[in-house]
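*Asks:* Can you look at this prediction? I've put the sequence above it.
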Amino acid sequence: MTQSDISPVDSPSAFDPQDWEAFRVLGRRMVDDLVDQLQGLADGPVWQPMPDAVRAAFRAPSLAAPVPVEQVYADYLETVVPFAGGNRHPGFMGWVQGGGAPVGALAEMLAAGLNMNCGGRDHVGIALEEQIGLWVRGWFGFPEGAKGLFVTGASMANFVACLAARSRALGAEVRAHGLGEARLTAYAADGAHACVVRAMEMAGLGRDALRRVPLNADFQMDIKALEARIETDVEAGFRPFLITATAGSVDVGAFDDLEALADLAARYGIWLHVDGAFGALGVHSARVRPKLAGLHRVQSVAFDFHKWGQVPYDAGFVMVADGADLTEVFASPAAYLSREPEGLAAGDFWPTDYGPDLSRGCRALKTWFILRSSGVEAIGAAIDRGLDLADLLRRRIAEVPELEQLGPSDLNIVCFRWRGMPGGGGDTTALLDEQNRRIARHLQLKGRVAPSLTRIDGKVALRAALFNPRATVSDINALVDGVRFEGAALAGKANP
């Protein structure tokens with residue numbers, strides 16, 4: 001039989017390597033290169049902007065003819081690796097992002113090789129996800145009927161919890177008939193993440209149905225103000241259905257009082273949800289755990305393994321105290337999703353019944369690898385390392401007259417500000433705001449450290465979020481010295 005006699009459907013797949021041995025060699029080189037990159041992170045910049053030529057290369061209007069995979073990989077090394085987001089680097093400290101554990105990268109490769117769709121059916125990817133849900137249930141002290149599942153991140157987890165609370169309030173009929181004349185109201189602190197607002201929008205409730213509650217002096221939700229607003233809404237004929245507490249606010253790392261909120265929510269029959277995007281994993285640190293008192297009493301929690309858990313992106317998680325609240329929202333009677341007592345269509349836990357996705361990658365495998373190989377003790381140690389570095393940063397700020405700390409800070413997020421040269425005088429708030437913006441940009445462009453910006457008490461602040469377990473004392477010193485240098489340059493002074 002000649003090659004021309006082979007039917008196209010009998011020929012090898014065009015997606016498989018035509019030379020498996022060459023593919024093996026390339027794979028080994030990729031792993032070696034990745035390890036070299038991870039080992040040498042501190043030697044390179046945190047971040048650098050893409051040159052115009054590189055940016056233009058990613059704006060081609062059409063796809064070129066196929067090229068050998070070796071060439072694609074060479075292009076990756078030249079045009080992708082140098083211009084990544086920077087959060088692996090120890091000097092990355094502006095946003096709440098984990099640095100990623102190297103073993104997670106290898107596990108991600110293995111997960112891609114298995115190519116499991118973890119929406120349902122009876123296979124090990126589902127078992128892995130259920131195992132991690134059982135671990136999380138134990139960490140949070142949730143009841144036996146609790147269920148959890150992986151989602152993209154805390155933004156999606158908060159949305160899933162919002163839908164569950166909505167269905168608890170309105171019943172299963174909301175899936176068929178919509179909101180109707182329901183006048184539901186939800187509550188979150190002024191410092192809550194923007195995704196809490198977006199969850200209300202996506203749930204069809206509208207942002208106006210979310211009542212923003214003032215903060216107290218500790219940047220927590222003011223409990224008295226919350227209760228007063230609930231009372232006002234009840235008297236006006238609204239139906240309060242959801243309180244979203246924050247465990248680790250994005251600006252300053254504040255934790256709402258979960259015990260007090262649980263008491264209030266129980267009194268009014270309101271679903272209490274916790275946005276613990278990074279803070280919920282604080283259960284593994286003796287220094288953070290007291291801030292989570294009352295967590296076992298809430299109806300749902302959203303958090304990210306890709307923050308304090310150091311799992312590579314993405315690995316969000318939602319845990320609900322009663323799994324039936326999720327199936328009420330998501331379970332579908334579609335014939336192609338029917339279950340069988342045995343075979344591939346068997347299995348008790350199909351994640352598609354508990355969340356919005358049927359097509360789902362195996363986020364559980366990389367999480368399982370990291371948790372089993374490092375242990376939860378490593379999470380606690382990484383948290384405590386960030387707390388220690390934050391303490392050092394606060395001390396350094398207090399020692400430098402040109403700097404001032406803004407807002408409360410007893411966790412791993414420190415907000416501070418360049419306030420001008422000692423004795424300078426005359427600097428307006430607007431001028432200092434602009435100088436701090438420029439300081440942040442200059443530091444990011446230089447690539448040694450990368451803080452971000454926020455606004456505290458009406459002032460632009462530099463923000464250092466210390467989540468990367470690779471960060472050291474030298475990174476804290478580089479941040480403080482860098483801010484002083486850039487501030488003095490902007491003020492027209494000599495180096496401090």
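*Replies:* That came in fine, so what should we check first?

*Asks:* What segments of the stretch 251-400 of the chain are helices?
*Replies:* Secondary structure of the stretch 251-400 of the chain (DSSP state H, counting those that start in this stretch): helices located at 258-268, 324-330, 363-374, 376-399.

*Asks:* got JSON lines for those helices, with distance to residue 486 and mean neighbour count too?
*Replies:* The C-beta positions use only the backbone N, C-alpha and C, and glycine is treated the same way. Converted to JSON lines, the helices of the stretch 251-400 of the chain look like this (distance: least, C-beta to C-beta, whole Å; neighbours: other C-beta atoms under 10 Å):
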{"stretch": "helix 258-268", "distance to residue 486": "40", "mean neighbour count": "17"}
{"stretch": "helix 324-330", "distance to residue 486": "49", "mean neighbour count": "20"}
{"stretch": "helix 363-374", "distance to residue 486": "37", "mean neighbour count": "21"}
{"stretch": "helix 376-399", "distance to residue 486": "15", "mean neighbour count": "18"}
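
*Asks:* To residue 13, which of the ones you listed lies closest?
*Replies:* Proximity of the helices of the stretch 251-400 of the chain to residue 13 was assessed by C-beta to C-beta; the nearest stretch is helix 363-374, lying at 24.1 Å.

*Asks:* Give me the average confidence score over the closest one.
*Replies:* Here helix 363-374 scores 98 as its mean pLDDT.

*Asks:* before we move on, the earlier item: export the helices of the stretch 251-400 of the chain to JSON lines and append columns for distance to residue 356.
*Replies:* Listed next are the helices of the stretch 251-400 of the chain as JSON lines, based on distance: least, C-beta to C-beta, whole Å:
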{"stretch": "helix 258-268", "distance to residue 356": "25"}
{"stretch": "helix 324-330", "distance to residue 356": "7"}
{"stretch": "helix 363-374", "distance to residue 356": "14"}
{"stretch": "helix 376-399", "distance to residue 356": "28"}
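
*Asks:* Quick one, which of the ones you listed gets closest to residue 488.
*Replies:* Closest among these, using C-beta to C-beta: helix 376-399, at 15.8 Å.

*Asks:* Report all helices and strands that that closest one contacts.
*Replies:* strand 403-406, strand 413-418, helix 473-490 (3 or more C-beta pairs under 8 Å, 6 or more residues apart in numbering; DSSP states H and E).

*Asks:* in the first one, what counts as buried?
*Replies:* This means strand 403-406. By neighbour count on 16 or more other C-beta atoms under 10 Å, the buried set for strand 403-406 is 403-406.

*Asks:* Stretch 79-93 now?
*Replies:* Quick answer for stretch 79-93 (16+ other C-beta under 10 Å): 79, 83, 86-93.

*Asks:* Tabulate the residues you listed (JSON lines), appending pLDDT.
*Replies:* Putting those into JSON lines (pLDDT from 0 to 100) gives the following:
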{"residue": "79", "pLDDT": "97"}
{"residue": "83", "pLDDT": "97"}
{"residue": "86", "pLDDT": "96"}
{"residue": "87", "pLDDT": "96"}
{"residue": "88", "pLDDT": "96"}
{"residue": "89", "pLDDT": "97"}
{"residue": "90", "pLDDT": "97"}
{"residue": "91", "pLDDT": "97"}
{"residue": "92", "pLDDT": "97"}
{"residue": "93", "pLDDT": "95"}
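
*Asks:* Of all the helices and strands packed on helix 376-399, which one is nearest residue 147?
*Replies:* Nearest of the helices and strands packed on helix 376-399 (C-beta to C-beta): strand 413-418, 30.8 Å.

*Asks:* can I get the buried residues of stretch 79-93 in a markdown table with secondary structure?
*Replies:* A markdown table is the format used below for the buried residues of stretch 79-93 (DSSP: H, G, I helix; E, B strand; the rest coil):
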| residue | secondary structure |
| --- | --- |
| 79 | helix |
| 83 | helix |
| 86 | coil |
| 87 | coil |
| 88 | coil |
| 89 | coil |
| 90 | coil |
| 91 | coil |
| 92 | strand |
| 93 | coil |
